[in-house]
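Q: Okay, sequence plus prediction incoming.
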Amino acid sequence: MLMSKFTVGQLVATPGALEALRESDQGPEEFVARHVQSDWGDLSDEDKDINDAALNNGERILSSYLTSDKTRIWIITEAEDECGQRLATTILLPEEY
């Protein structure tokens, strides 16, 4: 059973990310599952530590993954609002940021 370390809020994806996933014959589910389980993907140790801290302090969380055809995608979960809720998570290509 999937154990999320945080909530993602509304899940959205950019057209570029959707196209990259389609071309690699992969769905967003596998990457989102890694993201919510604190598998931050291809990040530096410093960025992974920032994400780990964000689980407690409510800041933005960024993961970076490669599709099967080596296209890089990012998943960004927004910082918590004043009520402690994360409202949205976006799947995108780095150049769409």
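A: Arrived safely, thanks for sending. Numbers count the residues shown, from 1 in each chain.
Q: just the strands in the protein please.
A: Per DSSP state E, the chain carries strands over the ranges 10-13, 61-66, 72-77, 88-92.
Q: counting contacts, what elements does the third one pack onto?
A: Using 3 or more C-beta pairs under 8 Å, 6 or more residues apart in numbering; DSSP states H and E as the contact test, the elements touching strand 72-77 are helix 15-23, helix 28-36, strand 61-66, strand 88-92. Yep, even glycine has a C-beta here, placed from its N, CA and C like the rest.
Q: low-confidence ranges in this protein?
A: 1-2 (pLDDT under 70).
Q: Can you tell me which residue sits nearest the middle of it?
A: Most central residue of the chain, judged by C-alpha distance to the mean C-alpha position with C-alpha atoms, centre = their mean, is Ile75 at 2.4 Å.
Q: pretty sure that residue is touching Glu30, no?
A: No. Counting by C-beta atoms under 8 Å, Ile75 stays clear of Glu30, with 11.1 Å between them.
Q: Name the nearest residue to Leu21, ignoring sequence neighbours.
A: With C-beta to C-beta, 6 or more residues apart in numbering as the measure, Pro28 is the residue that lies nearest to Leu21, at 6.0 Å, once sequence neighbours are left out.
Q: For the one you found, list the residues it contacts.
A: Under the criterion of C-beta atoms under 8 Å, 6 or more residues apart in numbering, the contact partners of Pro28 comprise Leu11, Ala13, Ala17, Leu21, Ile91.
Q: between those, which has the most around it?
A: Tallying neighbours with other C-beta atoms under 10 Å puts Ile91 at the head of the contacts of Pro28, with 24 neighbours.
Q: does it have beta-bridge partners, and which?
A: Using DSSP bridges, the bridge partners assigned to Ile91 are Ala13, Ile75.
Q: what's near enough to touch it?
A: Each residue near Ile91 by C-beta under 8 Å, 6+ apart is listed here: 11-14, 17-18, 21, 28, 31-32, 73-75.
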